[in-house]
Structures are given as structure tokens and as C-alpha cells.
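A.B. asks: Here is my input, please return the structure:
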Amino acid sequence: MSDEIKHECGLAFIRLRKPFSYYQQKYGTVLYGLNKLYLLMEKQHNRGQDGAGMATVKLDVEPGYPFLHRIRSAANQPIADIFSQIGKEIEEIEKYQPDIKSHPGLMKGHVNYLGELLLGHLRYGTQGKNNADFCHPFIKRHTIPARNLALAGNFNLINTEELFSLVNIDPGVFQRQSDLAAMMEVVHHFLVQADEASPGNLDIAQVLRKAVPLFDGGFNFSGLIGDGTSFVTRDPHGIRPSYYYISDDVIVAASERAAIRTAFNVGENEVLELMPGNALIVDREGNYSIKQIVEPKERKACSFERIYFSRGNDEKIYRERSALGYHLSEPVLKLINYDLKNTIFSFIPNTAETAFYGLLKGAQDYLNKTKIERILSWGNDFDEEKLTEMIGRNVRMEKIAIKDVKLRTFITEDSSRNEMVQHVYDITYGTLRKNIDGLVVIDDSIVRGTTLKESIIRMLARLSPTRIIVVSSSPQIRYPDCYGIDMSKLGDFIAFRAAIELLKEQGKESLLETLLEKCKELQRNNQLHTENVVKQVYSSFTPEQISAKIAQLITPKEINIPIDVIYQTIESLHLACPTNLGDWYFTGNYPTPGGNRVVNKAFMNFMEGKNVRGY
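C.D. replies: Residues are numbered from 1 along each chain as shown. Below is the predicted model of the structure:
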């Protein structure tokens with residue numbers, strides 16, 4: 001993805017089902033659980049680079065000794081920083097007891113983070129708050145074990161203010177800025193109620209059944225309770241992903257199937273999906289159950305997971321991304337008038353590569369079909385040279401674009417920032433014939449178009465192609481997200497800006513003021529959640545018209561090479577990713593009422609010149 005947007009977060013949960021001595025004997029280390037948690041987190045590193053955290057709970061700890069521990073980091077390499085600190089703690093202990101690793105009981109007693117329950121989290125700072133205080137897990141401490149709670153998740157909530165009101169809390173400055181703080185207060189409120197009603201006999205499923213229906217958003221969150229109970233819960237629409245694996249030794253959950261498969265070396269069918277509205281619950285003895293917490297609703301699993309966010313080594317995601325590219329081959333071939341002889345195919349590194357292979361396969365299938373038709377049409381009128389030339393024709397592909405270091409990370413001075421952003425990408429010189437070859441490049445998505453205009457198009461133009469066709473494996477991103485991805489400002493979206501320009505060109509700009517007044521009226525009547533008003537901004541135009549305007553917007557003034565943009569269609573997206581039909585970014589069809597409130601609020605912010613989030 002050429003435009004940087006913040007990913008949703010990643011979750012890693014492990015419940016060890018055996019004593020530490022068992023892992024010492026079977027796997028040769030008492031640190032088995034910590035090692036596996038580290039692997040789970042690193043294999044989901046793509047889901048968080050601003051911060052990380054972990055919490056552990058020890059079972060059967062003597063009264064008066066701590067059993068809940070937490071560590072968080074917002075360092076440049078937060079996962080490495082966390083486990084480095086734990087490693088240093090162990091090294092210090094080994095100075096005085098060199099053979100302590102051979103004694104599981106002593107290790108448990110002396111190493112803070114050696115617990116049977118482990119919860120890890122990777123975070124992107126979706127609100128720009130990247131210090132360690134905002135990193136998950138959050139914790140609540142209490143003298144009664146069952147009222148201690150560590151909570152972490154992959155989510156955004158839209159109704160945080162209402163949640164604080166429900167539990168009669170006036171949130172402080174910090175709490176107002178954190179969705180997790182609101183979720184924590186609600187879950188802990190019902191947790192305490194349950195323990196008061198039945199001390200020592202906690203029914204966490206009932207706690208969740210009271211708390212979870214109050215959350216408006218997409219979520220996959222996990223909690224550790226001081227009495228040894230733990231859980232993982234998924235939203236009723238299945239917006240955010242959640243997977244688990246269970247063996248005699250461990251119970252594991254994570255945001256990505258491939259991470260579990262790699263960390264524990266298990267087959268695809270051994271890692272199961274936690275279904276929408278369900279919770280994986282583990283009691284203090286290590287027994288597990290899957291329980292329905294809320295009634296499942298229409299499945300709206302996030303399509304962006306398949307397009308971009310999840311790691312592409314999951315076999316299903318790989319096939320789906322390839323299919324996304326394949327579906328784009330036909331419109332690309334039409335646009336180049338099927339002139340494969342004078343067209344170079346490439347991709348924007350690095351995550352568009354799989355879709356690129358699918359695009360190539362589609363073009364090659366067309367070419368192979370053409371070869372067969374031509375050869376059959378010759379009858380007996382051919383020789384070896386003629387046949388060799390025909391069979392040897394292939395789709396031309398080159399690695400045109402190279403992603404350099406993130407120069408933008410180091411540039412803070414506005415006067416030089418734009419110049420440096422131009423060099424985030426570089427090109428491979430001599431890969432096409434100047435003024436003869438056209439160029440097709442595929443990207444995962446086009447969100448803002450800034451990097452395309454300021455860097456990629458300028459770089460590609462240096463090769464002097466006859467035309468540049470930019471292909472997006474996702475449809476046009478038209479609407480904000482509010483379920484875990486940092487895309488909440490309408491004015492950032494190039495598709496929205498293109499629609500605004502078209503309205504101006506057609507003299508329909510007054511529609512914007514009309515829609516603003518409608519939003520204000522809905523807000524006055526507490527009805528802002530009832531409809532997506534912003535759909536009307538796009539309703540006058542075809543996707544092709546908006547794509548053509550986007551092509552104009554991403555073309556630098558000094559570039560005279562024709563630029564075209566082709567987007568995935570909604571229909572092809574659903575064909576390629578049939579189990580992840582959550583497409584509100586593209587269609588505006590939000591799975592919860594809060595989504596409509598967010599998009600309308602984002603529109604009001606845009607019209608009033610407020611550069612703030614819509615929730």
C-alpha cells in the first residue's frame with residue numbers, strides 16, 4: 001500500500017495446560033510459553049509497530065505474593081524491547097543461581113512474567129497517542145483475585161461516552177482518549193457484580209453476556225482474570241478476525257491463522273475460527289468451552305484483512321489476493337487494447353505482489369488462448385521459426401518500483417519534506433523502451449493518493465512510458481472506518497475529493513450545504529445513526545467518472561504522460577473474498593448504526609474545516 005494508513009492491532013493469547021515441569025521435560029525449556037508468545041507476536045508484527053504489551057497471570061500463588069504482571073513498550077522495536085527486558089531479568093537471577101532454569105518451581109517464583117496465562121498485544125496508534133500508557137493490556141488490580149483483570153484487543157468502539165455513563169463514571173482526560181478504557185470499565189463493573197453475587201464461583205460467560213451487547217464496534221478482545229479464568233471474545237458481525245488452536249498442552253488464540261500455524265507448526269484445519277458472537281472461555285483448571293455471548297448477526301468480516309492487512313502467507317489469503325489481481329486482468333487488457341507486446345506489468349512494493357501475480361496470470365491466460373487460436377488458424381501453414389516465435393510470446397513483467405527507506409520518518413522540516421517524500425520509491429532504469437512501452441502497475445489500494453502523486457508517478461514518468469495505468473486491487477475507498485483502522489477523515493480520501501471536484505464542475509456544489517443541514521438536523525434529533533447521508537455525494541457519478549477524476553488528481557502538473565486508474569469492482573471483490581463481505585469502506589453499508597453516525601460526523605467535520613476524527 002503506497003499510502004500509509006494505520007493497521008488494526010494484533011492479539012496473542014496462550015493458556016498453558018500443564019505444569020512448568022512438563023514443558024521443561026518435553027520441550028527442554030521452562031520458558032516454552034514465553035517463547036511461543038514471542039513468536040505469535042513477531043509473526044503478527046505487521047499489525048502493530050507503535051507499541052506492544054503483555055500481561056501474565058500465575059496460578060496457585062501464595063497469598064501476599066503478586067500474581068498479575070504487565071509490561072508495555074513504545075520503543076522503536078517494542079516486541080524486542082519487552083522480551084529483552086524479560087531476558088535481562090532472567091540473566092540477573094542466573095548470576096546468583098546459575099542452574100535456576102533447571103528448577104521450574106524456582107523459575108516461576110522468581111521470574112515475574114513466567115505465568116500460565118499469557119496475553120500479548122501489538123498496537124498501531126490510531127489516535128496518534130503512541131506512548132506506552134496507551135498500549136494494551138490495561139489492568140485493574142484488587143485484593144480479591146477474581147476482581148483483577150487484564151484486557152487487550154483489536155477494536156475500535158464508537159460509543160465510549162455512552163459506556164462510561166452506563167457504569168456511572170466521569171472519565172478523565174486519559175480515559176476519554178481510549179476505547180479500551182471504556183471497555184475495561186464496563187467489563188470490570190460486571191465482573192465485580194458477579195463476584196459479589198457469588199464469591200469464588202465466577203461465571204465469566206454471564207459477565208460477557210451483560211457487557212458485550214453494550215459495545216458498538218468491531219472487536220476481538222481477550223481478558224485474563226486473577227483467579228485463573230481467561231477468555232477471548234469476537235463481535236457478532238465477525239468484523240475483526242479471531243482464530244484459536246487447542247491441544248493437550250496449550251490453548252492459543254490470535255488475530256491471524258498463519259501466526260498460530262507457524263508458531264506451533266500445525267495444519268490449517270487444526271486452527272479454527274472463533275465464530276461471530278462467541279467466546280472461547282478457559283476456566284482456572286484449563287478446561288475450555290465455546291459459548292455464544294451475543295446473537296450472531298449478518299457476517300461482515302473485514303475485506304481489508306484479505307486485501308492488505310493480514311500476512312499473505314495464509315494460504316486462503318494468498319489465493320484471494322491472487323484472485324483480486326486476476327479479476328482486474330480483463331479491464332486492464334481492454335484499456336491497453338490487448339497490446340501485450342508493448343506493455344510492461346509491475347507492482348508497487350511490497351504487499352501488492354500477490355495481486356500482481358494474479359493479474360499476470362489473467363493476462364497470460366488471455367495470451368495463451370490467443371496463441372492457440374492463431375496456431376489453429378494457420379492450418380499447415382507454419383514452420384519451426386514461426387511456431388517458436390508464437391509460443392515464445394509472454395506477458396512482459398519487470399520490477400519497476402523499489403521501496404526505499406521510509407525517508408518521511410526522518411523528515412520534520414516542512415520546506416524539505418515534500419522533496420524527500422518524492423524519493424520514498426525509486427525505479428529500475430532501463431526496464432522499458434522509452435516512448436514505446438506502456439506501463440501497468442498494481443497497488444493494494446489508493447487511499448489518499450498522496451504518495452502516488454508526490455513520488456510514484458513522478459518516478460515512473462522518468463522511464464518515459466507512453467502511458468501509465470495504476471491498478472488498485474481494492475475498490476474506491478469512499479467512507480471512513482471506525483472498527484479498528486485509522487481511516488476516519490473524509491477529506492483524506494482521494495475518491496471523496498474527486499466527487500467534490502465533479503460536483504463543482506457540474507455546478508452542484510450546493511448539494512454539500514444541503515447535506516450538511518440534513519446532518520445537523522439528524523444530530524439535533526439524535527438520529528445521526530439512522531442513515532449514511534454521504535452516499536448522496538457519490539450518487540450522481542459512475543465509478544468510472546470518479547476513477548477518471550482521481551487519475552487527474554494524482555497527475556503532477558509537470559507530467560504530460562497519460563495517466564489512467566482502474567479500481568476493483570465491488571462484485572469482483574466479493575467473488576475473490578467470499579467469506580469477508582465487510583465492504584463499508586467502499587459501499588458505505590456499515591454493519592452497526594454507529595458507522596452511519598461516524599461517517600455523517602466526518603462529513604460535518606469536513607464541511608466545518610475540522611481536522612479531527614469522526615468519533
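A.B. asks: Please make it C-alpha for all contacts and neighbour counts, starting now.
C.D. replies: Will do.
A.B. asks: So what's the model's average confidence on the host helix or strand of residue 209?
C.D. replies: Per DSSP states H and E, residue 209 falls inside helix 204-211. Mean pLDDT, helix 204-211: 97.
A.B. asks: And the contacts of that helix?
C.D. replies: 186-187, 190-191, 194, 229, 279, 281, 291, 293-294 (C-alpha atoms under 8 Å, 6 or more residues apart in numbering).
A.B. asks: For residue 298, which non-adjacent residue is spatially closest?
C.D. replies: Among residues not flanking residue 298 along the chain, residue 237 sits closest, at 5.7 Å (C-alpha to C-alpha, 6 or more residues apart in numbering).
A.B. asks: what number of residues lie near the one you found?
C.D. replies: 23 (other C-alpha atoms under 10 Å).
A.B. asks: quick one: it from residue 293, how far?
C.D. replies: Using C-alpha to C-alpha, to the nearest Å, residue 237 is found at 12 Å from residue 293.
A.B. asks: Show me whatever sits in contact with both of those two.
C.D. replies: Contact criterion C-alpha under 8 Å, 6+ apart; residues shared by residue 237 and residue 293: residue 277.
A.B. asks: where does the stretch 1-150 of the chain have low pLDDT?
C.D. replies: Along the stretch 1-150 of the chain, the model assigns pLDDT under 70 to residues 1-7, 48, 125-130.
A.B. asks: distance of residue 238 from residue 279?
C.D. replies: Distance from residue 238 to residue 279, by C-alpha to C-alpha: 12 Å.
A.B. asks: my bad, should have said residue 140
C.D. replies: From residue 140 to residue 279 the distance is 21 Å (C-alpha to C-alpha).
A.B. asks: more crowded one of those two?
C.D. replies: More crowded of residue 140 and residue 279, by other C-alpha under 10 Å: residue 279, with 26 against 15.
A.B. asks: give me the low-pLDDT residue ranges for the stretch 301-450 of the chain?
C.D. replies: 404-423.
A.B. asks: what do you get for the stretch 501-615 of the chain?
C.D. replies: 614-615.
A.B. asks: can you redo the contacts of helix 204-211 as CSV with pLDDT, secondary structure and distance to residue 588?
C.D. replies: Shown next, in CSV, are these (pLDDT from 0 to 100; DSSP: H, G, I helix; E, B strand; the rest coil; distance: C-alpha to C-alpha, whole Å):
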residue, pLDDT, secondary structure, distance to residue 588
186, 94, helix, 29
187, 96, helix, 30
190, 95, helix, 34
191, 96, helix, 36
194, 95, helix, 39
229, 97, coil, 39
279, 98, strand, 29
281, 98, strand, 34
291, 98, strand, 31
293, 97, coil, 27
294, 97, coil, 25
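A.B. asks: still on that earlier bit, how far off centre is the helix holding residue 209?
C.D. replies: 27 Å (C-alpha atoms, centre = their mean, to the nearest Å).
A.B. asks: Now do the buried residues in it.
C.D. replies: Within helix 204-211, the residues that count as buried by 16 or more other C-alpha atoms under 10 Å are 204-205, 207-211.
A.B. asks: just these now: which is nearest residue 555?
C.D. replies: residue 211 (49.7 Å; C-alpha to C-alpha).
A.B. asks: packing partners for the longest helix belonging to the chain?
C.D. replies: Looking across the chain with DSSP state H, the single longest helix is helix 353-378. Judged by 3 or more C-alpha pairs under 8 Å, 6 or more residues apart in numbering; DSSP states H and E, the packing partners of helix 353-378 are helix 315-335, strand 343-347, helix 384-391.
A.B. asks: Kindly recompute the last result at 10 Å.
C.D. replies: Judged by 3 or more C-alpha pairs under 10 Å, 6 or more residues apart in numbering; DSSP states H and E, helix 353-378 is in contact with helix 315-335, strand 343-347, helix 384-391, strand 396-397, strand 438-443, strand 468-472.
A.B. asks: Name only those of the contacts of helix 204-211 that count as buried.
C.D. replies: Buried among those by 16+ other C-alpha under 10 Å: 186-187, 190-191, 194, 229, 279, 281, 293-294.
A.B. asks: Which members of the residues you listed define the maximum pairwise distance?
C.D. replies: 229 and 294 (19.8 Å).
A.B. asks: want to throw the helices and strands packed on helix 353-378 into TSV with distance to residue 577?
C.D. replies: Shown next, in TSV, are the helices and strands packed on helix 353-378 (distance: least, C-alpha to C-alpha, whole Å):
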stretch	distance to residue 577
helix 315-335	6
strand 343-347	21
helix 384-391	34
strand 396-397	26
strand 438-443	17
strand 468-472	15
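A.B. asks: Tell me which of those lies nearest to residue 573.
C.D. replies: Nearest of the helices and strands packed on helix 353-378 (C-alpha to C-alpha): helix 315-335, 6.6 Å.
A.B. asks: In this structure residue 158 contacts residue 217, no?
C.D. replies: Yes. With contact defined as C-alpha atoms under 10 Å, residue 158 and residue 217 form a contacting pair (6.0 Å).
A.B. asks: how about the helices in the stretch 451-600 of the chain?
C.D. replies: Ranges of helices in the stretch 451-600 of the chain, per DSSP state H, counting those that start in this stretch, are 457-461, 494-505, 510-524, 535-538, 543-553, 570-576, 584-587, 593-607.
A.B. asks: Could you tell me the angle between the second one and helix 543-553?
C.D. replies: Read it as helix 494-505. For helix 494-505 against helix 543-553, the angle by axes from the mean of the first three to the mean of the last three C-alpha atoms, to 10 degrees is 90 degrees.
A.B. asks: packing partners for helix 494-505?
C.D. replies: helix 510-524, helix 535-538, helix 543-553.
A.B. asks: Same question for the last one.
C.D. replies: Contact analysis of helix 593-607 by 3+ C-alpha pairs under 10 Å, 6+ apart lists strand 217-225, helix 510-524 as its packing neighbours.
A.B. asks: Check the offset of that helix from the chain's centre.
C.D. replies: On C-alpha atoms, centre = their mean, the centre of helix 593-607 falls 21 Å from that of its chain.
A.B. asks: Residue 396: what's it in contact with?
C.D. replies: 340-346, 360, 363-364, 432 (C-alpha atoms under 10 Å, 6 or more residues apart in numbering).
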